[in-house]
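sequence unknown, structure follows:
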């Protein structure tokens, strides 16, 4: 009700009736998550009549949609047709910010305008820089979210053949050739993100140190590292042999090994990408140790037991024995012959293993050639005595000499060189 005042007349009061109609405009948005997907925008506009009998309707919606990726706004007009009007529209945003102007018209009220801003989000990921791995190695792939979505995420990596899993966030990749991996991520509302990363694979590198070998103690062996023709890495190639104590030029591709004991020789090769390969060979060092023992002394006609001791040897069995000279020996091809030379002799023993490694030693057998002459028979008168004498100078033995005369009866001393004999 409105109160009316008449200013120029006597004061009087009257009342008139006015009908007020109300237009209320609101708006709902469904599925407003990420650009590139359809969203539904619904008008909740209501026209409230002044009285139940009033015939009031909304007869037109004008949607002016300002998308940041569009030069001009998109306008959608919904007009009442047969008392039915569509109050929901579908729109596919092109960017993450959409401004909507909704104009609502009725048959009685002036239009009302509602402005709303829809902020959408984009999921953005970064797989990082491309990486280089050595042939046969593997690497962990990782994803970094530079713009997050709504958990949970789902992951799909391609190609999946060289991955331990195509649906993990951080799978392990082991390609044998350079490969570009693509990751597709979707969040709870299927908002997508995609990125790729290239894994560069360095050419294969393989090395052969050679076959196992054997040398004799004191010798050397030429060793050489050979790269496989189809697996030679990326040059230049560096070489490192070990142990350094046995290989003086340990950084050469080929070098001499001066091992003094059996050991493994290893080579490590590294290419310009830092990829490496290694191999080894076993070098056996054959060391013959022989001891023929001390010099010995025998009488003429006797023999001595000779013995070649090889217990300290590191040679490769079976061992061969050779004694020289052969005279006076029972066998020249065994380690323990009997030696009975007629003259003093120096014997040389040579021991050889199956690889031809050998060592020698000597032993001298001294032979004593001793002879005595008791002289011619003697004649004495009964009751007389005679001096007996012995010649030990012609073929002397080794002083001092000892004497034993038999029978000792009638001798003044049976243990001297010239006793007096007085037999009856």
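Nice, thanks for sending it over. If you're wondering where the values come from, they're calculated on a predicted model, not measured in any experiment. Numbering: from 1, shown residues only.

Go ahead and confirm residue 332 touches residue 320.
No - using CB atoms under 8 Å, residue 332 is not in contact with residue 320, being 11.0 Å away. For the C-beta atoms, the positions are set from N, CA and C on the backbone; glycine is no exception.

which residues are in contact with both of those two?
With contacts defined as CB atoms under 8 Å, 6 or more residues apart in numbering, no residue is shared by residue 332 and residue 320.

So the closest residue to residue 410 other than its chain neighbours, which state does it fall into?
In space, and not counting its chain neighbours, residue 410 is closest to residue 423: 4.3 Å by CB to CB, 6 or more residues apart in numbering. Per DSSP: H, G, I helix; E, B strand; the rest coil, the secondary structure class of residue 423 is coil.

burial measure for residue 423, as a count.
Number of residues near residue 423 (other CB atoms under 10 Å) recorded here: 12.

With residue 400 instead?
That count, for residue 400 with other CB under 10 Å as the rule, works out to 5.

Quick check: it vs residue 390, distance?
14 Å (CB to CB, to the nearest Å).

Equivalent analysis for residue 132, please.
Counting by CB to CB, the gap from residue 132 to residue 390 is 102 Å.

same check, this time on residue 207
84 Å.

and if you look at residue 96?
With CB to CB as the criterion, residue 96 and residue 390 are 136 Å apart.

And residue 352, by the same measure?
In terms of CB to CB, residue 352 sits 51 Å off from residue 390.

same check, this time on residue 323
38 Å.

Those two: who's more crowded?
For residue 323 versus residue 390, neighbours defined as other CB under 10 Å are more numerous around residue 323 (22 against 16).

Give me the nearest residue to the more buried one, chain neighbours excluded.
In space, residue 323 is closest to residue 332, 4.4 Å off (CB to CB, 6+ apart).

so where does the one you found fall, helix or strand?
Under the criterion DSSP states H and E, no helix or strand holds residue 332.

Residue 230 too?
strand 226-232.

Just the buried residues of that strand, please?
227, 232 (16 or more other CB atoms under 10 Å).

What residues does residue 416 make contact with?
residue 403.

for residue 233, same thing?
Contacts of residue 233 by CB under 8 Å, 6+ apart are 202, 203, 204, 205, 227, 269, 271, 272, 273, 275, 277.

I'd like to know how far the residue nearest to the first one when sequence neighbours are not counted sits from residue 200.
Distance criterion CB to CB, 6+ apart; nearest residue to residue 202, sequence neighbours excluded, is residue 273 at 4.3 Å. If you measure residue 273 against residue 200 using CB to CB, the figure is 9 Å.

Could you give the separation between the terminal residues of stretch 240-254?
10 Å (CA to CA, to the nearest Å).

Quick one: mean pLDDT for it?
The pLDDT scores in stretch 240-254 average 95.

What lies in contact with it?
222-225, 238-239, 255-260, 263, 265-270.

which stretches of the stretch 1-150 of the chain have low pLDDT?
Applying pLDDT under 70 to the stretch 1-150 of the chain flags the ranges 1-32, 47-56, 79-86, 108-109.

Just to check, residue 354 is in contact with residue 288?
No - in this structure residue 354 lies outside contact range of residue 288 using CB under 8 Å: 11.4 Å.

Comparing the two, which shows the higher neighbour count?
The neighbour comparison of residue 354 against residue 288 (other CB under 10 Å) goes to residue 288, with 21 against 13.
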